[in-house]
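Chemist: the sequence and its predicted three-dimensional model are supplied below.
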Amino acid sequence: MSGSGLLYLSDNPIQFPPVTRSTPVFYDETNQEIFAMAGDVVTIYNARDHTQHSLTIDNAVNIISIKYSIDHRVLAVQRSNQSVDFLNVQEKTEFSQSCKKGSGNIIGFNWTCQNEIVYINHQGIEFYQINARQGKVRHIKSYSINVNWFVYSPQFCVLVVSSTLSGNILHPFYFKTPQHGNSNIHRLPKFQVELPPAGLNQRSQLLERQVSIITLHGKLFLAITKSPQLGQESYKTTEICLYMLAPEQTVIKVATLQLGITGRFALNCVDNMIVVHHQNSKSSMLFDVCWSPTSNESNNVLPLTTTRTPALKIPNFNLKADGQVMTFRPILQPMSINQYVHEGKPCELYSSTWVVFQPGIIIDAKQGLLWELKLSVSKLSVHMVCSKPSLIKLLLHRRNYKNTIFSTLRSLILTQSAPLSVLGDIFDILNSVIDDVLINQDEMLEEVFSPLLSKEELPPTYKISLIVEYIRSLRLHKLRISYYYYEIVIQILIRCNQLFKLHQLVQFQVLSDSAPLACLLLSLDKTYPPAFLLGIDMLKRLNDHSGIIDALLRKGDVTAALQYAVTHNKEDSLEAVKFLQCAADSGDNVLFYSTYKFFVARNERLRKSPEFKQDQGVEEYVALYKSLFNEL
């Protein structure tokens with residue numbers, strides 16, 4: 001199966017010595033570091049910043065596990081089944097801590113913060129605080145459990161241990177970040193994982209390799225792979241069950257991923273997408289538990305509809321927590337990771353020497369390479385067989401979604417390959433996001449509309465309809481519409497000499513009432529005189545009396561402005577200087593006389609004096625009145 005380019009390995013992998021008997025290699029998920037041993041020298045390769053350094057450690061050949069503390073001040077080294085040694089990197093001092101007497105062998109350990117560590121042994125877990133400066137270890141708390149194996153999430157500081165012979169009783173623990181020196185460990189309610197019926201001469205067991213802790217949209221899940229047992233015909237395919245983990249809450253099963261095949265599987269989480277790798281077919285399947293297509297689409301790889309719910313809002317992630325289990329199938333047909341060439345030779349993909357870690361780490365121990373699995377959002381838009389609105393919903397779940405959405409929209413508009421109703425559905429999706437609009441009006445203008453509105457091949461009527469459809473969506477979702485969208489519509493109407501359509505757009509509230517739009521209409525007085533009345537009517541609906549008075553004044557219609565002010569009881573708040581200036585500029589002495597006398601009468605009514613106040617700034621017009629009409 002050839003690669004599609006949708007899934008690919010990072011271009012700059014971490015290179016380390018291939019694993020041999022004389023060169024053991026360890027990986028620390030918390031710090032994403034490779035530890036390669038060569039005699040007493042250990043070389044540490046950091047996958048986050050691509051740095052490396054070496055240390056000399058005594059008795060390195062007997063190391064079982066090795067991990068830095070989160071602040072890299074202390075190196076924890078397990079050389080035996082009973083204790084862990086701690087090396088103060090700066091002080092070059094070393095001290096040790098054994099597990100409690102009678103607790104069995106240490107299965108593993110994890111740093112939960114920069115100075116706290118948890119041991120997991122066959123008889124339970126032990127929580128310690130490390131004082132590297134003093135070389136002391138303080139016991140905090142222990143829990144007694146018969147432990148088979150464990151999994152740990154460094155991102156959320158959650159530990160899950162397995163107990164009982166079948167391994168399907170799971171005990172979650174949550175380590176709270178210490179505050180003011182106080183550490184907390186919370187034991188969440190244990191839960192039982194239902195296992196497939198046992199096969200012939202077999203006992204159903206839940207093994208460590210079947211369990212992963214994954215993160216989707218900031219939520220924590222336990223992903224458990226359930227494969228059919230030999231002789232059980234009722235379980236013909238493998239499924240992955242998702243259990244939601246949350247501090248101080250009961251663990252619940254929320255979803256099932258139907259794989260449709262059997263074999264060996266491993267999984268990563270890339271860009272909020274679950275990627276399930278199938279070694280036998282050398283292919284991968286993609287699942288998005290936050291996406292569903294529209295109901296009228298038919299595709300043999302779409303989620304099952306028997307237990308599906310409507311698409312979830314972005315960015316909220318809220319799988320059902322009421323006991324309803326949702327079932328999903330892959331969003332695409334299985335495909336291979338893109339071929340990777342290292343030093344001129346293609347690497348074997350899905351190799352038996354691959355080891356997978358969360359969220360997107362793939363290590364080839366034989367090749368000595370550590371990659372990060374990547375997802376191409378642009379390729380995703382190419383391969384998806386669904387409606388364009390459904391595609392947009394899917395893209396919105398990805399981190400780098402904007403450029404692909406912009407490109408998709410530009411293509412749909414330029415080719416006119418989608419009806420305006422479909423574009424309207426897309427606009428509704430982009431504008432209906434709770435709490436935050438992920439693509440705002442400025443971005444849409446810059447990335448989509450501006451580049452396309454200058455295209456001569458798009459008819460003016462189509463351009464107008466497109467912008468009007470976007471305005472409709474903004475209004476539907478009660479978003480304040482930026483003034484320049486109205487301006488775009490009017491400019492197009494001017495260029496194609498169709499300003500008469502303004503009446504329809506305003507009358508039917510396609511262009512909603514607003515002060516900026518009213519001002520724009522008023523400014524078209526010379527180009528299209530009827531637009532002035534449209535603007536005045538709009539200001540009336542907005543109860544913007546001062547706006548109407550100012551508009552009439554700007555037009556030079558002093559009498560109409562005064563009449564409107566008197567009719568609406570606004571004459572007492574008028575600025576005399578504006579009206580006197582407008583009347584004087586008209587050159588109509590009769591108009592200036594009547595305007596002047598209007599304000600003199602107002603002065604007498606308000607202040608019992610015909611005189612103007614000095615701060616009214618009308619001295620120039622008082623002098624003009626006296627000179628015109630010979631009054632002292």
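Modeler: Thanks, I have the structure now.

Chemist: secondary structure element holding Pro172?
Modeler: Using DSSP states H and E, Pro172 falls within strand 169-179.

Chemist: and that strand, which strands flank it?
Modeler: According to DSSP bridges, strand 169-179 forms sheet pairs with strand 158-163 (antiparallel), strand 182-187 (antiparallel), strand 191-192 (antiparallel).

Chemist: out of those strands, nearest to Glu487?
Modeler: In terms of CB to CB, the element of those nearest to Glu487 is strand 158-163, at 53.2 Å. C-beta here means a position set from N, CA and C on the backbone, and glycine is covered the same way.

Chemist: for the closest one, what is the average pLDDT?
Modeler: Across strand 158-163, pLDDT averages out at 92.

Chemist: what lies in contact with it?
Modeler: With contacts defined as CB atoms under 8 Å, 6 or more residues apart in numbering, strand 158-163 is touched by 110, 118, 120, 125, 145-153, 168-175, 206, 208, 211, 213, 220, 222, 245.

Chemist: cutoff 7 Å now
Modeler: 118, 120, 125, 145-152, 169-174, 206, 213, 220, 222, 245 (CB atoms under 7 Å, 6 or more residues apart in numbering).

Chemist: poorly predicted segments of the stretch 301-450 of the chain, please.
Modeler: Residues of the stretch 301-450 of the chain meeting the criterion pLDDT under 70: 301-323, 433-437.

Chemist: and if we set it to 80?
Modeler: 301-324, 385, 433-438 (pLDDT under 80).

Chemist: any idea which of the strands paired with strand 169-179 is most buried?
Modeler: The highest mean neighbour count among the strands paired with strand 169-179, using mean count of other CB atoms under 10 Å, belongs to strand 158-163: a mean of 22.

Chemist: which strands and helices lie in contact with the helix ranked longest in the chain?
Modeler: With secondary structure taken from DSSP state H, the chain has its longest helix at helix 589-607. If you count contacts as 3 or more CB pairs under 7 Å, 6 or more residues apart in numbering; DSSP states H and E, helix 589-607 packs onto helix 558-567, helix 576-586, helix 619-629.

Chemist: buried ones in that helix?
Modeler: By 16 or more other CB atoms under 10 Å, the buried positions in helix 589-607 come out as Leu591, Phe592, Thr595, Tyr596, Phe598, Phe599, Val600, Asn603.

Chemist: please pull out the lowest mean pLDDT helix or strand from this protein.
Modeler: In the chain, the helix or strand scored least confidently by mean pLDDT, DSSP states H and E is strand 182-187, which has a mean of 76.

Chemist: so who does Leu522 touch?
Modeler: Leu522 touches Phe532, Gly535, Ala551, counting by CB under 7 Å, 6+ apart.

Chemist: and the last one, that's in a helix?
Modeler: So that's Ala551. Yes: judged by DSSP: H, G, I helix; E, B strand; the rest coil, Ala551 forms part of a helix.

Chemist: which residues sit in contact with it?
Modeler: For Ala551, the contacting residues are Leu522, Gly535, Ile536, Leu539, by CB under 7 Å, 6+ apart.

Chemist: do the second one as well
Modeler: Taking CB under 7 Å, 6+ apart as the criterion, Gly535 is in contact with Ala518, Leu521, Leu522, Ala551.
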